[in-house]
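In: Let me see the structure of the following:
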Amino acid sequence: MQNYSRILIFLLIILSYKGFAQKSQMLIARNAVGKLQASFAGKEDPKKQLGIITEGLKSIESAEKDNKTKNWTETWAIKSYLTSYAAIIETDESSSFKYFDTSEVAIKKAKSLDKYEDPSGLIKASEHNILIKKQERGSLSYFNNNFKEALDDLREASDNFPGDSTLALNTAICAQNVQLYDESLKYFKRAKEDSIKNPAVYQKMAQLYVAKSDNQNAIKILEDGLAFNPYNRYLTNDYINLLLDTENYTRAQSLIENNLNVEKSNKLLFFLYGYLQQIEGNNPTAILAYNKALATDQNYFDALYQLGLAYLNTANDAYKNTDTEKKNQYDSLINRAQFALLRANEINPNDKQTVQLLIEIYTRKNAQDKVQDLKRKLQEL
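Out: Predicted coordinates for the structure are as follows:
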């Protein structure tokens, strides 16, 4: 009986010691959290901070093995907190992401426990750190053009940090590159709401709206972009082209005229102005505009083609005219059309429309050898 009492007392001592030991480990871990927070406040060296984290993690590893403390939310909250900060502080990329993975597992474990709570905010702080690390990982993938891998991380980070316009912009670009256009628009809008002024943002948003056949919103976005970036060449060109595509010719002409007052050597603006005049049947003014565009770039194919067409249209009008003087201009206009179209054909010999117009001109001149040569060429294209 006496021996039995001694054994019982011995067992109780062992159990008490084990319980005390585990409580001591948890106390060391709690102290490590406090030390780390003080170290951050004191802006101490990162190496010292990693030392504090290592000390705390050793105690937590012991607490994980105990049947009682391994089921405490606090055990896993402390582990996630320490490892999430280690992931940010550690400069070695491989080690950093190992801490990151460990922290994610620890958070999931803490949240899976029956009596999950976070009174000291350790889990909340850990989740914040993990988001920062995800943003870093997503950015690495983004700059390596791994847009699919980057998207998940950047999307989650942006949803939690909606005020970061650069983050929203990178998320939008990732979504666009993996052809998730609605999602891309969502994050472009978020960047725009933060008053971002980058013209490329407005240009890409407009392109997405056009792809959705939403020309009204595309026009509005380009107008917003031009409000921040007046006379930006790329936004202006897209805006004019969209106005032309939607047959807003009066607005397009006014915009072109205003921009030509600023950009007096912009070949595209002169070309578009000429094109608008040509649509309205004002071929002489169109010819002047195309020639101004060609004065800037003599190999500008589109201007040469449209110039040839404008001369041809003017020649047709002269031929129909009863006025003898105007009728006499016909041959001169046909020759000018021929010259412009031959230059266009030299620059782009595979353009069928240019060849067809040259066939028409040579037919009128009764140059059958040229007609036959061009018809053979047209069949080969």
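
In: contacts and neighbour counts: CA atoms only from here.
Out: Will do.

In: So for residue 163, what's the nearest residue that isn't a sequence neighbour?
Out: Spatial nearest neighbour of residue 163, excluding adjacent residues (C-alpha to C-alpha, 6 or more residues apart in numbering): residue 194 at 6.7 Å.

In: Likewise for residue 78?
Out: residue 122 (6.6 Å).

In: and the one you found, what is it in contact with?
Out: 77, 78, 80, 81 (C-alpha atoms under 8 Å, 6 or more residues apart in numbering).

In: tell me which of those residues is nearest to residue 41?
Out: residue 81 (16.2 Å; C-alpha to C-alpha).

In: Please identify the helix or strand for the closest one.
Out: Element membership for residue 81, per DSSP states H and E: helix 73-89.

In: That helix: how far from the chain's middle?
Out: With C-alpha atoms, centre = their mean, to the nearest Å as the basis, helix 73-89 stands 33 Å off its chain's centre.

In: Check stretch 69-83 too.
Out: 39 Å.

In: One more: stretch 185-199?
Out: Using C-alpha atoms, centre = their mean, the offset of stretch 185-199 from its chain centre is 10 Å.

In: Can I get it in CSV? Just the C-alpha atoms.
Out: Taking C-alpha atoms only, stretch 185-199 is exported to CSV below (Å, rounded to 0.1, in the frame of the first residue of the first chain):
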residue,chain,number,x,y,z
LEU,A,185,-12.3,45.9,-66.5
LYS,A,186,-13.2,45.5,-62.8
TYR,A,187,-9.6,46.2,-61.7
PHE,A,188,-9.0,48.9,-64.3
LYS,A,189,-12.0,50.7,-62.9
ARG,A,190,-10.5,50.3,-59.4
ALA,A,191,-7.3,51.9,-60.6
LYS,A,192,-9.3,54.7,-62.3
GLU,A,193,-11.3,55.3,-59.1
ASP,A,194,-8.1,56.1,-57.4
SER,A,195,-7.6,59.0,-59.9
ILE,A,196,-4.8,57.3,-61.8
LYS,A,197,-3.7,59.4,-64.7
ASN,A,198,-1.7,57.0,-66.8
PRO,A,199,-3.0,57.2,-70.4
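
In: so where do the strands sit in the chain?
Out: Here the chain has no strands by DSSP state E.

In: Below-threshold pLDDT in it: ranges please.
Out: By pLDDT under 70, the low-scoring segments of the chain are 1-23, 114, 116, 119, 322-327.

In: center of the chain - which residue?
Out: The centroid of the chain falls nearest to residue 173 when counting by C-alpha atoms, centre = their mean (2.3 Å).

In: Leaving out sequence neighbours, find the closest residue to that residue.
Out: Using C-alpha to C-alpha, 6+ apart, the nearest residue to residue 173 is residue 184, at 6.6 Å.

In: Regarding the residue nearest to residue 163, what are the backbone dihedral angles?
Out: phi -90, psi 20 (degrees, to the nearest 10).

In: My read is that it contacts residue 166, right?
Out: No. Residue 194 is not in contact with residue 166 according to C-alpha atoms under 8 Å; the separation is 9.7 Å.

In: just to revisit the earlier point, how much space separates the residue nearest to residue 163 from residue 202?
Out: Per C-alpha to C-alpha, to the nearest Å, residue 194 is found 13 Å from residue 202.

In: These two: which has the busier surroundings?
Out: residue 202 (24 against 14; other C-alpha atoms under 10 Å).

In: Identify the spatial nearest neighbour of that one, chain neighbours not counted.
Out: Per C-alpha to C-alpha, 6+ apart, closest to residue 202 is residue 225, 5.4 Å.

In: what number of residues lie near the one you found?
Out: 25.

In: Any chance you could list what contacts stretch 244-252?
Out: 215, 240, 243, 276.

In: State the number of residues packed around the nearest residue to the third one once chain neighbours are set aside.
Out: The one in question is residue 243. Counting by C-alpha to C-alpha, 6+ apart, residue 243 lies nearest to residue 252, which is 5.7 Å off, once chain neighbours are set aside. By other C-alpha under 10 Å, 20 other residues sit near residue 252.

In: Could I get the contacting residues of residue 283?
Out: 277, 310, 311, 313, 314.

In: Return the closest of those residues with respect to residue 87.
Out: residue 277 (63.7 Å).

In: Verify the stated contact: the closest one with residue 287.
Out: No. Using C-alpha under 8 Å as the test, residue 277 is too far from residue 287 to be in contact (9.0 Å).

In: So between these two, which is more surrounded?
Out: Taking other C-alpha under 10 Å, residue 277 and residue 287 do not tie; residue 287 has more neighbours (25 against 20).

In: Not counting residues beside it along the chain, what's closest to that one?
Out: residue 307 (5.9 Å).

In: Quick check: the one you found vs residue 336, distance?
Out: From residue 307 over to residue 336 (counting by C-alpha to C-alpha), the distance is 9 Å.

In: These two: who's more crowded?
Out: residue 307 (30 against 18).

In: How about the contacts made by the more buried one?
Out: Per C-alpha under 8 Å, 6+ apart, neighbours of residue 307: 286, 287, 290, 291, 337, 340.

In: Most neighbours among those, which one is it?
Out: Neighbour-wise, the contacts of residue 307 (other C-alpha under 10 Å) top out at residue 290, 28 neighbours.

In: Tell me who's in contact with that residue.
Out: Contacts of residue 290 (C-alpha under 8 Å, 6+ apart): 270, 271, 274, 303, 304, 306, 307.

In: at 6 Å what do you get?
Out: 271, 274, 303 (C-alpha atoms under 6 Å, 6 or more residues apart in numbering).

In: can you tell me which of the residues you listed are in helices?
Out: 271, 274, 303 (DSSP state H).

In: The closest residue to residue 53 other than its chain neighbours and residue 76: what is the separation?
Out: Closest residue to residue 53 apart from its sequence neighbours, by C-alpha to C-alpha, 6+ apart: residue 82 at 5.7 Å. According to C-alpha to C-alpha, residue 82 stands 10 Å off from residue 76.

In: neighbours of residue 104, just the number please.
Out: 17.

In: No further queries at this time; thank you.
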